[in-house]
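>>> let me see the structure of the following:
(chains A and B, ligands or ions: 2)
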Amino acid sequence: MTIGQVTLELLTGFGTTCLLFALTLLLSLPIGLLLSLASMSRFRPLKVVVRVFIWIIRGTPLMLQIIIIFYGPGLLHMSISWPSRAFAAVVAFVINYSCYFAVIYRGGFESVPRGQYEAGQVLGMKKHQIFFHVVIFQVFRHILPPMSNEVITLVKDTSLAQVISVGEIIFVAQNIMNNIYVIYPLFYAGVFYLVFCGILTLLFGWLEKKTKFYRV
Amino acid sequence: MAFLEVKDYRKSFGENEVLKGISFSLEKGEVLAIIGSSGGGKTTLLRCLNFLEIPETGELWLGGTKLFDASEKKQNTDAQIREKRLHFGLVFQQFNLFPQYTVFKNITLAQTLLAKADFRQKKADFAKVLRAAPKEERKKLREEQKKVLSEIRAGQKRAIEEKALSLLERVGLSEKRNAYPYELSGGQQQRVAIARALALSPDILCFDEPTSALDPELTGEVLKVIKGLKSADSTMIVVTHEMEFARSVADHVIFMADGVIEEEGTPEEVFGAPSSEKTKAFLQKTENTDF
Ligand SMILES: Nc1ncnc2c1ncn2[C@@H]1O[C@H](COP(=O)(O)OP(=O)(O)OP(=O)(O)O)[C@@H](O)[C@H]1O
Ligand SMILES: [Mg+2]
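Ligands and ions are numbered 1, 2, ... in the order given. Presented below is the predicted three-dimensional model:
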C-alpha cells in the first residue's frame, strides 16, 4: 500500500469521525440545554429524574453505553434494529454528551446573579425576554471555556465507536496496520486529530476573545 | 384617598413573618424615606411593592383604583403582575446593570422591547383592516399602511433615544453613553441604574439603599441626583441609612422595626421628637456611628 492509498483510506475514516462529531454536537447542544432546564425545574419529580439520569450517564463509561445501546435492543428481543452501526454510536454519544453539556449549561445559568433576572422583571420584561436579552449571552460567555474542553474531548471520544466496528479513523488505521504490518498509520491518524483539535482551539479562542468585550 | 395606599401588607418566608401588616399612604410628588435597623423588612416591602415578592394579604391602591389585591389570586397571573410592575420602578443596592450592554442600551432595552410589542400589535391590527377591505382597494391601502407603519417605527425609535439622552443628561452622564458598566465607577453605575428605572416613567420610583454599596466619597453624587429628581410629579420611596439625606429630602418618614411600622411622620416629628423607644434607640445608635 502506498502512502497515497493509506492517506485516502484514512481520509474516509476521518470523514466518519467528522460525521460522528458533527451530528453529536448538533443534537446534544440543544438537548443538553433542555436537560439542564429540566434539571433546574421547580417541578421536583422532573428535576429528580433528570438528575438521576445525568448521574447514571456521567457515572458509567461511554464505551459501556455504546455497547449497551448497540447490542441492547437485540439482546432484549426488541423489534427495533439500528439502521447502521454509526447511527447507534451517534445515539450513544448524544445521550452521553447531552448530560455533560447539561451540567455545563446549569453552571452557566447559576453563574448569572439573581439580580439580573430581577432587574429585567422590574423593567417589565417577560420571562423569555429576560432569557434571550439578558441571561443567555452571559451564560454563553461563562460556559465557553468548559464547552471548548468538552467539544475537544468529543473529537477524540468518537474513536470509541470502534468497539461496535464503526469505521472511524482509528479503526481504519488499525486495519491498515494489521494488513501491511506497519505502525505509521496510527501516528498518521494522530496527526488528523491534532490538526482538527488545533482548529477547534483557535475557533474557541477567537470566540472567547469576541465575547470578552466586557468584564463583570 | 392618597395617590398610593398600601393596606395591611403581610409577607412570610416559611415560619418567619417579615411584614406583619404594613399600611401607609403617600401623596403624588412626595418623597417617603423608610429607615430602620437591619432585618426589619424594608427590602422585603420594596420588593413587594415591585411584585418581586407577592404579599400573602393586603391591597394596593394607586391613583384611586385598586391595583393589587392579594385575595384575588385569579387576577395575579404572571402577565398581570408584569403589567402592574410597570407602575413601579426599583433601583437596587447592587445596581444590577446588564454588563454586556452599553449604558445607552441598558437604558433603552426595556422600552425598546415594549415598543416592539406595541408595533407588532399595530401591524396585526392593520393586517385585519386590510383583509376586511374590498379587493380593489387593498393595494393602495397596503401602500398607505406601509408608510404609516414605518413612520410609527421611526417615531418610536426617536422617542426612546431622545428620552434616554435627556435622562443621561439628568444624571450627568451624557458623555458615558457608549461605555460599558464595568468602565464606570459605582456611583456612575448607580446613576445609570436610576436613569434606566426612569426610562419607563414609573408612577413611583423605589430605591433600596442606593448608596450602601458605594464608597463614602461616591454617595454624594448619587444622593444629589435623587434629590434633583424631586418634583411635583415624581413620587419616590427611598430606603436609606443616610439620616441626613432622609431629613433633608423626605416629606414623610417611616421607621420600620421587626416587620411593623414603629413610627411615622414628617422628618421633624420622627427625627426631632420620636415617641417610640425603639425609634429613639435606633436614632441614637446611628448618630453614634456617624461620628
Ligand atoms: N428570600 C428570602 N427568604 C427567606 N427569608 C428572607 C428572604 N428575604 C428576606 N428574608 C428575611 O426577612 C427578614 C427581613 O429582611 P429584609 O431584607 O427585608 O430586611 P431589611 O430591613 O431590608 O434589612 P437591611 O437593612 O439589612 O437591608 C430577614 O430576617 C431576612 O432573613
Ligand atoms: Mg435591605
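
>>> what does stretch A:159-175 rub up against?
Applying CB atoms under 8 Å, 6 or more residues apart in numbering or on different chains, the contact partners of stretch A:159-175 are A:9-10, A:12-14, A:16-17, A:20, A:62-63, A:66-67, A:70-71, A:85-86, A:88-89, A:93, A:158, A:185-186, A:188-189, A:192-193. Glycine gets a C-beta too; all of them are placed from N, C-alpha and C.

>>> what does stretch B:15-26 give?
With CB under 8 Å, 6+ apart as the criterion, stretch B:15-26 contacts B:1-12, B:32, B:41, B:44-45, B:48, B:55, B:58, B:204, B:235, B:237, B:252, B:254, B:256, B:258-261, B:264.

>>> could you give me the buried positions within that stretch?
Applying a neighbour-count criterion of 16 or more other CB atoms under 10 Å in any protein chain shown, one finds B:Val18, B:Leu19, B:Ile22, B:Phe24, B:Leu26 buried in stretch B:15-26.

>>> greatest separation within the residues you listed: which pair is it?
B:Val18 and B:Leu26 (20.9 Å; CB to CB).

>>> show me what contacts the spatially most central residue of chain B?
With distances taken as CA atoms, centre = their mean, B:Gly89 lies nearest the centre of chain B, 1.5 Å away. Listed by CB under 8 Å, 6+ apart, the contact partners of B:Gly89 are A:Val122, B:Asn50, B:Ala197, B:Leu198, B:Leu200, B:Pro202, B:Ile204, B:Leu205, B:Cys206.

>>> same thing but 6 Å
For B:Gly89, the contact set (CB atoms under 6 Å, 6 or more residues apart in numbering or on different chains) comprises B:Ala197, B:Pro202, B:Leu205.

>>> most neighbours among those residues, which one?
B:Ala197 (24 neighbours; other CB atoms under 10 Å in any protein chain shown).

>>> need the three-state assignment for the nearest residue in space to that residue that is not next to it in sequence.
Excluding the flanking residues, the one nearest B:Ala197 by CB to CB, 6 or more residues apart in numbering or on different chains is B:Gly89, at 3.7 Å. Following DSSP: H, G, I helix; E, B strand; the rest coil, we place B:Gly89 in the strand state.

>>> who does B:Gly89 bridge with?
B:Leu205 (DSSP bridges).

>>> and A:Gln129, how far is that from B:Leu109?
9 Å (CB to CB, to the nearest Å).

>>> nearest residue to the middle of chain A?
Nearest to chain A centroid, counting by CA atoms, centre = their mean: A:Tyr97, 4.2 Å.

>>> secondary structure element holding that one?
helix A:85-111 (DSSP states H and E).

>>> quick one: B:Lys20 is in a helix?
No. B:Lys20 is assigned strand when assessed by three-state DSSP, not a helix.

>>> gap between the one residue in chain A that gets nearest to ligand 1 and A:Leu19?
Ligand 1 sits closest to A:Arg114 of chain A, with a gap of 9.6 Å, by CB to the nearest ligand atom. According to CB to CB, A:Arg114 stands 42 Å off from A:Leu19.

>>> more crowded one of the two?
A:Leu19 (16 against 9).

>>> re earlier: now the contacts of stretch B:15-26: which count as buried?
B:3-7, B:9-11, B:32, B:41, B:44-45, B:48, B:55, B:58, B:204, B:235, B:237, B:252, B:254, B:256, B:259-261, B:264.

>>> near ligand 1, which of the contacts of stretch B:15-26 show up?
By CB under 6 Å from any ligand atom, the members of these lying near ligand 1 are B:Gly41, B:Thr44.

>>> how about the helices in the stretch 151-291 of chain B?
For the stretch 151-291 of chain B, applying DSSP state H, counting those that start in this stretch gives helices covering B:186-198, B:216-229, B:243-249, B:267, B:277-290.

>>> on contacts alone, who are the packing partners of the third one?
When contacts are defined as 3 or more CB pairs under 6 Å, 6 or more residues apart in numbering or on different chains; DSSP states H and E, helix B:243-249 packs onto strand B:31-36.

>>> contacts for stretch B:49-58 next, please.
Contact with stretch B:49-58 is made by A:118, A:122, B:7-11, B:47-48, B:70, B:81, B:84-85, B:88, B:90, B:206, as judged by CB under 6 Å, 6+ apart.

>>> pLDDT of that stretch, averaged?
In this model, stretch B:49-58 has an average pLDDT of 93.

>>> next one: stretch A:144-155
Per-residue scores along stretch A:144-155 average to 94.
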